[in-house]
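A.B. asks: Below are the sequence and a predicted model for it; my questions follow.
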4 protein chains.
Amino acid sequence: MGSVLGKVVLLFSCQDQKGLVAKIAGLIHEQGGNILDLDEHVDPESRIFFIRVSCEFPAVCTEAEELRASFAALAKAFGATWSMHSSEERQRLAIFVSRYDHCIQELLWRHRIGEIAADIALVVSNHPDLEPLAMQYGIPFYCFPVTPETKVEQEQKELELLAREHIDVVVLARYMQVLTERFVQAYPHRIINIHHSFLPAFSGGNPYRQAFQRGVKIIGATSHYVTELLDDGPIIQQDIIRISHRDSPKDLAQKGRDLERMVLARAVLWHIEHRVLVNGRKTVIFE
Amino acid sequence: MGSVLGKVVLLFSCQDQKGLVAKIAGLIHEQGGNILDLDEHVDPESRIFFIRVSCEFPAVCTEAEELRASFAALAKAFGATWSMHSSEERQRLAIFVSRYDHCIQELLWRHRIGEIAADIALVVSNHPDLEPLAMQYGIPFYCFPVTPETKVEQEQKELELLAREHIDVVVLARYMQVLTERFVQAYPHRIINIHHSFLPAFSGGNPYRQAFQRGVKIIGATSHYVTELLDDGPIIQQDIIRISHRDSPKDLAQKGRDLERMVLARAVLWHIEHRVLVNGRKTVIFE
Amino acid sequence: MGSVLGKVVLLFSCQDQKGLVAKIAGLIHEQGGNILDLDEHVDPESRIFFIRVSCEFPAVCTEAEELRASFAALAKAFGATWSMHSSEERQRLAIFVSRYDHCIQELLWRHRIGEIAADIALVVSNHPDLEPLAMQYGIPFYCFPVTPETKVEQEQKELELLAREHIDVVVLARYMQVLTERFVQAYPHRIINIHHSFLPAFSGGNPYRQAFQRGVKIIGATSHYVTELLDDGPIIQQDIIRISHRDSPKDLAQKGRDLERMVLARAVLWHIEHRVLVNGRKTVIFE
Amino acid sequence: MGSVLGKVVLLFSCQDQKGLVAKIAGLIHEQGGNILDLDEHVDPESRIFFIRVSCEFPAVCTEAEELRASFAALAKAFGATWSMHSSEERQRLAIFVSRYDHCIQELLWRHRIGEIAADIALVVSNHPDLEPLAMQYGIPFYCFPVTPETKVEQEQKELELLAREHIDVVVLARYMQVLTERFVQAYPHRIINIHHSFLPAFSGGNPYRQAFQRGVKIIGATSHYVTELLDDGPIIQQDIIRISHRDSPKDLAQKGRDLERMVLARAVLWHIEHRVLVNGRKTVIFE
């Protein structure tokens, strides 16, 4: 980030107190910025204040470091968690897959047409099946077959690869392996998973079969950040589709595929645009 | 049911075999009937065949008993479960409530404008609060306060009342008591409940609070037949509404109210129109 | 409004310029207020800035007039349209109906349980049919039968009644008369209508019949402010429901009723909570 | 089609009369078939009867020609329109595109994973842009640039290509040309279009811009058969997505893309599975 700023997204959260919006908006104004979009929220129970401000700065009049320093000082004064993101920084994504191609296909296509404004740096899989698809889109493909015996070792190699490639976000696009705690902790709130049920219903294995057996009239898909507990992380997005007694488990899987890819794509887009703030076990989404 | 038939709904289910539709449709044709609507389904796993036929008979040419006897013979030959319902039979409903009025209000209003083509024979409550509402609509109101000590005894009185009043269907319109096994078994697949969550998620108490704490992005409501296991009976209808981090538990309850009454009303309408067939733990809905 | 303020909603809109949020938030802070909720929007084409701030003031420390004066000065400086609403002011609603009861029933019920935090001051109708319903809820009912010949005269009486009763908002809850220009102009952006189609499709008469004949797979309902052009005013809320070839025009009307009352109720709630800002022919909804 | 039949879909429609279902089901039973799925409908206004029967025949016991002859005789007796489709016949599709790739991408992907059980025989475009995409999937690509002067001539060549390739269905996957009457008449109810609005709202050009200007709160997409009147043919499927004042025309186009491809894919799937029957200006969909 040099002296030309352009668009900036600021995230800021701390215990609620009077005058926060005035101070933050004031600081942006002092630095010559124009607010394009401002969204704030106070958690009604914890009284934590969350804000996302998208603003525009004249190309030459402001030094990025100066702005950053001002916010750092403000954050320190309020004991806040904060971050600042220039529109010029492009995040680097790694997509993890197994054999199903619908989610990765969706992400690669949205990337190609420019919707996902980030770099898809690489694809990791425990199976070789989707290498041709990655190739089609010109994305490097790495295969790390995993057995219970080799899991820790393979994950270690994956982590080294991710580090080497400066990966910011890991997207589990129907990756059929449970990650170890160690892996999860290396990317806190930066691993996005898609689970093919309306969580917390039907967590764990084979949710379409579970849904079929319970006889629900609606199925869902859930995108969430991965935490140490399976299918338990903060939910980013969910959506549903109506089913009927006519739908077999195979039909559920087919209808569900469309949900899965839409829900995952939405979550990835929101994450990349810094619209998702984690609030304990929940998320605040500044759409 | 006399000799004038008019419209009839026939339900029939048995192990699938060739020629079932031909035989049933043939029988209706022989008796001078005209099929208005026919819907059938074969469960892909159990191979059980379900059919609902709505048909019209000329007022004078057919004797109801003759038709009934023909179907009884057919059903016996196929080992089928079956029933026949004339449009002239009006079912008798009992509505059970506690203090919330939104579900009963919805049912009473839909009854008054003729949507619910059945008799709402009485209202039962464990609290006196909604007596004025029942009065407004001219429906007898019975109050049976329930404590853990008096529950069995009060249920006994309720069952006697229901029997005396020839009640066909019991609708739990946010009735905040768990019915005993004995009560449930007296009305198998004839007690309709509304649960204010997207089952199987958030079964049990306070589902809106549970949903709030889990941070889901969508809440739901579920109408189901009551069985001995809490919130576990065959699901008739479900619907959902999108929520956000801005919604407090109170907001969820407010948004959920609209879902609850729509979902319950739909389930009651389907039940009354003989559109719901139970298939083990699931339902077949012939919309 | 006295010296005790409590909660206040501020609406403010003007041509976009730098520092608006900082100035407004700063002013609230100076006056001792705490922002509970802030939402802003800049129209991408007209570059008009819209803001809604909900804030809380300590009961004794601030004079309402002082706050009002500060905002008036700010608004004058920016050439802004603005308004300030205390939570203590209760708006006065008039509901206009003809013969259908579903929309008024919905509003009266939501009013009774406290969802609609306003006064429903009176009901006006061109038919006597719904007087008993208004009576049930204890709302004065006025019948003004309308013929082409008496329309202008009757509207005059209605306007006098509305003025006398200090009505803020007129809700057309399936009122089957087109209001004259004169009436509309007396309540600019304060007459809320429900149209039983997904506007702009099927404007004008008998939209369910139109929808049936076109063979659409989804029907809708639209709530909008009334303007001089029929069914053309700024849209506040819309919703839809799926239909099929099985649905007759009567079925559409039945399914549509549920949409109509939900959509109208939502629009009324938003209007009362000062969440709707008009932007030319469109609305900005700060949910 | 030889003597091995397997699965067959029968479509049949005629003026309603008593005994139709009995006769059709009886005929299938006589020929040794087993009904898997039966759906029927009588138009409430025209009294036209529609039926779709999916059935299974033992591989060797029935001659296809015999079955076909029986139905032909039945159809003749009732003055019915009918058709019979073996699951072994694979329809041949031509996809027409211009420059947008989202709809064709969706169809090609669904074809590759086996959801669209038909042959995509070729792609036609008035621009060369999407040739690489067709190549990727191994589908022959034909470019016919169109100007007002060359339109008739180019369409003639296209029609010859389609005839030569035995094309059954033409899918307009955001093909930005209006077909001439002559072309349309060559494929009656066999040209499927996707229009990016909730028809009949916003027919014609630039529907997202129209929707933006009208300030609707929901946008839609519509798939329909192409007829001589623009955007007026029988509707097969529609879907919608909620938007807000925050969405620019570009956002509408982005959100709409997801609708368009889902709605078009659904219509193509239903058409291929013989689930769409045309009823004048409307469709009957046997899902």
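C.D. replies: Good, I have the coordinates. Every value quoted in this text rests on a predicted model; they were computed, and no experiment measured them.

A.B. asks: near chain C at all, the helix or strand bottoming out on mean pLDDT in chain A?
C.D. replies: Within chain A, confidence by mean pLDDT, DSSP states H and E is lowest for helix A:64-78 among all helices and strands, at a mean of 90. No: with CB under 8 Å from any CB of the partner chain as the criterion, chain C is not reached by helix A:64-78; the gap is at least 13.5 Å. (C-beta placed from N, C-alpha, C; glycine too.)

A.B. asks: Do you have the helices of the stretch 1-150 of chain A handy? List them.
C.D. replies: A:20-30, A:64-78, A:102-112, A:131-136 (DSSP state H, counting those that start in this stretch).

A.B. asks: Near chain B, which residues of chain A are found?
C.D. replies: Counting by CB under 8 Å from any CB, chain A sits next to chain B at A:41, A:43-44, A:198-202, A:213-218, A:220, A:234-240, A:244-246, A:248, A:279, A:281-285.

A.B. asks: could you flag which of those are buried?
C.D. replies: A:41, A:43, A:198-202, A:214-218, A:220, A:234-240, A:245, A:279, A:282-285 (16 or more other CB atoms under 10 Å in any protein chain shown).

A.B. asks: Which single residue in the stretch 101-250 of chain A comes nearest to chain B?
C.D. replies: A:G215 (3.0 Å; CB to the nearest CB).

A.B. asks: Could you list the residues in contact with stretch A:243-253?
C.D. replies: For stretch A:243-253, the external contacting residues (CB atoms under 8 Å, 6 or more residues apart in numbering or on different chains) are A:196, A:208-209, A:211-212, A:215-219, A:255, B:41, B:43-44, B:279, B:282-285, D:287.

A.B. asks: what do you get if the cut-off is 7 Å, keeping everything else the same?
C.D. replies: Outside stretch A:243-253, the residues that touch it by CB atoms under 7 Å, 6 or more residues apart in numbering or on different chains are A:208-209, A:211-212, A:217-219, A:255, B:41, B:44, B:282-285.

A.B. asks: Check stretch A:101-114 too.
C.D. replies: By CB under 7 Å, 6+ apart, the list of residues contacting stretch A:101-114 reads A:95, A:97, A:116, A:120, A:123, A:130, A:133, A:137, A:171, A:173-174, A:194, A:257, A:260-261, A:264-265, A:268, D:105, D:109.

A.B. asks: then that stretch to PDB, C-alphas only?
C.D. replies: Backbone C-alpha positions of stretch A:101-114 (Å, rounded to 0.1, in the frame of the first residue of the first chain) are rendered in PDB as follows:
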ATOM      1  CA  ASP A 101     -17.100 -30.500  -8.400                       C
ATOM      2  CA  HIS A 102     -20.100 -28.300  -8.000                       C
ATOM      3  CA  CYS A 103     -18.800 -25.900  -5.400                       C
ATOM      4  CA  ILE A 104     -15.300 -25.500  -6.800                       C
ATOM      5  CA  GLN A 105     -16.800 -25.100 -10.300                       C
ATOM      6  CA  GLU A 106     -19.100 -22.300  -9.000                       C
ATOM      7  CA  LEU A 107     -16.100 -20.500  -7.300                       C
ATOM      8  CA  LEU A 108     -13.900 -20.800 -10.400                       C
ATOM      9  CA  TRP A 109     -16.600 -19.500 -12.700                       C
ATOM     10  CA  ARG A 110     -17.400 -16.600 -10.400                       C
ATOM     11  CA  HIS A 111     -13.700 -15.800 -10.200                       C
ATOM     12  CA  ARG A 112     -13.200 -15.900 -13.900                       C
ATOM     13  CA  ILE A 113     -16.100 -13.400 -14.600                       C
ATOM     14  CA  GLY A 114     -14.700 -11.100 -11.900                       C
END
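
A.B. asks: Now do it, average pLDDT.
C.D. replies: Averaged over stretch A:101-114, pLDDT sits at 97.

A.B. asks: What are the buried residues along it?
C.D. replies: Neighbour counts using 16+ other CB under 10 Å place A:D101, A:H102, A:C103, A:I104, A:Q105, A:E106, A:L107, A:L108, A:W109, A:R110, A:H111, A:R112 of stretch A:101-114 among the buried residues.

A.B. asks: and what of stretch A:203-213?
C.D. replies: A:S203, A:P207, A:Y208, A:Q210, A:A211, A:F212.
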